[in-house]
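Participant: Just need the structure, nothing else, for what follows:
(3 chains)
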Amino acid sequence: MKHLPLWRHELRRAGWTACAAPAAALAVTLALTATAAAFGTARPQLERFLLTGLEALIPLAAGMAAVAVVSRDPSRELQLTLPTPYTTTLGRRLAVLGGLTATLAIAFSAALAAGGWWTGPGLPYAPLVWAAPLLWLTGLALLVAALGRSVVLATTTVAAIWLGEQLFAATFATTPGLRPFFLFMTTRIGVPTDWDANRAALAASGALLTALALMLLRRPERLLTEEET
Amino acid sequence: MTTLRQTWAVTRYEFRMQIRKRSLWITTATLAVVLTFSQGDRGPRHLPPGTPPREVMASWALLMALLLPIGFGMVLADRLTRDRRLGLASLLESLPIGRGALVAGKYLGGLTSTAVPAALVLLIAAAGETAHRHDPALFAWAAVAFVLVTLPGLAFVAAFALVCPLLTTAPLFRALFVGYWFWGNMLNPDLFPSLTGTLLTPLGDYPATWLMGERALYAGADGWLQFLRPEPGGAAAVAAIALLLALSIPPLALASPLLRRRNLSA
Amino acid sequence: MDIQITGLRRTFGKVTALDGLDLTVPGGMYGLLGTNGAGKTTLMRVLAGVLPPTAGTVRVGGHDLATRTGRLAVQRRLGYLPQDLGLYPDLSAREFLDYVGLLKGLDDTAARRRQIGELLDMVGLADAAPRKLRGFSGGMRRRVGIAQALLGDPALVVVDEPTAGLDPEERIRFRTLLATIAAGRTVLLSTHIVEDVAQTCRDTAVMTRGRVVFNGPVADIVQRAEGVTWELVGQGPPPATGVVVSAVSRPDGTHYRLVSSARPDPRAVPVQPSLEEGYVALMHAGANG
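Facilitator: All right, here's what the predicted structure looks like:
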């Protein structure tokens, strides 16, 4: 583990706010669920909301955090001159973020299952509830950030897609062309027969978007200039 | 008078800097186009001929309010924190301008600069509607809908978007803001305790309902905090607007000490 | 590690930052003088492998910087101090160097720590090593910058405007440091401060508008101002012709030193030029040419 010290450094570079975002998403989920319970909301609704924390809020927080991770680096020019490619460094920071998020999400899922609150697919497939939309939203956020060189554009795109899919959930659920990219299938529909296909489409296209973003970030001009500050 | 002049100066330049932001225009245009083409059968484009112009334009204002403020919130989220990042904080602290005037100017500049594209979107919608409804009154009602439905929500969003990142950080605020926008404006109160449908909904549900003459989204729907869900109408709309404007004041009042704390910290 | 540049062009959209630049840099300490906006930082970035050339060839130690493998080969033997070095404020000086060392591939922990200790000693920051960087003065930050550049014992060190904004004592200290590290390696010092080059480099290039207008011994720059440097004592504003290099107010009037190809005023007398006046003459000729 000769790279362990480097990973420790990258954990700090990813920043506490970025790393705290997924935890904050789950804290908000728990707080709202507790509030709802206090107001006598029925158990199925509460279970669905807990699942929403995983499927909707965790990917949203991770997408926003990913934009923050790739957008700000005071030593960027120096980083670009080092033999370690900067995309590798950014990849490590994103991996730290992804690792933390995954740990939290798995622990949260396990706690829900242990407490009898889990309503998602069978536990072996449970990670796909959050991992597939997370990959897709994060990939999109990174690509827009790399293309537009603007934090505002990237975060607004993520926010608009997220809200749009929530608002027009019925359209996404019933339109064949949109259904594979419906981020909230588990919480809005459940686990239908094409759930696996939906998760696979999201994960694969998310990985593609991330790869495209990292390819763009290999061009130093994209990193040395920020469109707007 | 000096404070007023200083506030005006900050407002003017904040407005100029913001209005020149490419992302503000791209965001507004993209969201407006997406909303226009994805509005569904209940959207203003599908209102039958002969629908009163006030109803048409209130419907447009409400439609745009679904997502446009999200973009504006993102744009404004770093306006108070970026001075330090750009190395301007010490310079601004050294100037004989009160922090209150600075905050007020940045708020008004930010608010007006986001209001301009929002108003333009409604005027373009009015122009489009006029083309097939042939009623020039649509423009007047676009202005009314903008003032009653759009602007109070923008005032509310601008205040929180400017100040909250001083407490958290811009990235964390942006994530929380999206979640809040859904929970506080669109999450059916019947399904889950939310602020949706209350007087505190910055979406402009109450004013839009008043203008449209029928429930726009959830205004007054039964749910959590029943005392904030009066029967929609003129008085309720005015109360909703007044409440949103009043709620914009506390964060702005907190901004000066928060900014001072941030700028003076090493 | 020698540098050979031929016909280098670098454009940003419609803006041409480097316009057919030719330059050969042998080993040792070499100066690169030029006004703000002359293209020095772009050249430094090209040499550091940050920006690929738009056209022309750049070979550093035989490696072609137009290729990714060439850039990587150079970066493995490069130390770079950018003009605006941003530091991670939450790290201490020691931690920052440790991080950069790891990214430079110094994987042996003991050796890396030993080298960091030596470099911190060398730049006079041993006592401040555990302190967070956010509290460092401009001079201290610059010294952290040169320490990170020297990590891994690079064969080429590129420093971009390292003394801008430093107080005189810190500047002298930094210059001495740069001269010290030049033994056995190539150090390219880019600056707009003539004095820095005069005190540390035997040879220099002078850039303006993306081109090299002078390449040779620093002392030769003075010759460019011989016969065109004037002194004038007057009461009013300076004459309209020529470039005023200095203006000192004294009881008998203001003493102007000017560079002008023609006598700027009947009262002006020719004087022996300084290095700075030579530089001004050179830039003036470059601008007019």
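Participant: Now do the contacts for the closest residue to C:Thr180 other than its chain neighbours.
Facilitator: In space, C:Thr180 comes closest to C:Met122 once its chain neighbours are excluded; the distance is 7.9 Å by CB to CB, 6 or more residues apart in numbering or on different chains. C-betas here are computed from N, CA, C, even on glycine. Shown in contact with C:Met122 (CB atoms under 8 Å, 6 or more residues apart in numbering or on different chains): C:Ala147, C:Leu150, C:Leu177, C:Thr180.
Participant: give me the residue from chain C nearest chain A.
Facilitator: C:Gly86 (2.9 Å; CB to the nearest CB).
Participant: Return the distance of the host helix or strand of C:Gly101 from the chain's centre.
Facilitator: Secondary structure here is read from DSSP states H and E; on that basis C:Gly101 sits in helix C:93-103. Relative to its chain's centre, helix C:93-103 lies at 24 Å (CA atoms, centre = their mean, to the nearest Å).
Participant: same check, this time on stretch B:206-222
Facilitator: Offset of stretch B:206-222 from its chain centre (CA atoms, centre = their mean): 18 Å.
Participant: In three-state terms, how would the residue positioned nearest the centre of chain C be classified?
Facilitator: The central residue of chain C, meaning the one whose C-alpha is nearest the mean C-alpha position (CA atoms, centre = their mean), is C:Ser190 at 1.5 Å. Secondary structure, DSSP: H, G, I helix; E, B strand; the rest coil: C:Ser190 is strand.
Participant: Now do the contacts for it.
Facilitator: Neighbour list for C:Ser190: C:Leu32, C:Gly34, C:Lys40, C:Thr41, C:Leu43, C:Met44, C:Val158, C:Val159, C:Asp160, C:Glu161 [criterion: CB under 8 Å, 6+ apart].
Participant: Same check on C:Ala219?
Facilitator: Contacts of C:Ala219 were listed using CB under 8 Å, 6+ apart, and none were found.
Participant: what's the distance between it and C:Leu275?
Facilitator: Taking CB to CB, to the nearest Å as the measure, C:Ala219 falls 8 Å from C:Leu275.
Participant: thinking again about what came up before, anything in the helix holding C:Gly101 sitting right up against chain A?
Facilitator: Yes: applying CB under 8 Å from any CB of the partner chain, one finds helix C:93-103 touching chain A at C:Glu95, C:Asp98, C:Tyr99, C:Val100, C:Leu102, C:Leu103.
Participant: Among those, which one lies nearest to C:Pro154?
Facilitator: Sorting the residues of helix C:93-103 next to chain A by distance to C:Pro154 puts C:Val100 at the head of the list, at 11.8 Å, by CB to CB.
Participant: Wait, the closest one touches C:Leu151, no?
Facilitator: Yes: the pair C:Val100 and C:Leu151 qualifies as a contact (CB atoms under 8 Å) at a distance of 5.9 Å.
Participant: So for those two, which sits in the more crowded spot?
Facilitator: Counted by other CB atoms under 10 Å in any protein chain shown, C:Val100 and C:Leu151 do not tie: C:Val100 has more neighbours, with 24 against 21.
Participant: In contact with the more buried one, which residues?
Facilitator: A:Leu78, A:Leu82, C:Gln148, C:Leu151.
Participant: picking that back up, please name the bridge partners of the residue nearest to the centre of chain C.
Facilitator: For C:Ser190, the beta-bridge partners are C:Leu32, C:Asp160 (DSSP bridges).
Participant: And it, how far from A:Leu212?
Facilitator: The span separating C:Ser190 from A:Leu212 equals 36 Å under the rule CB to CB.
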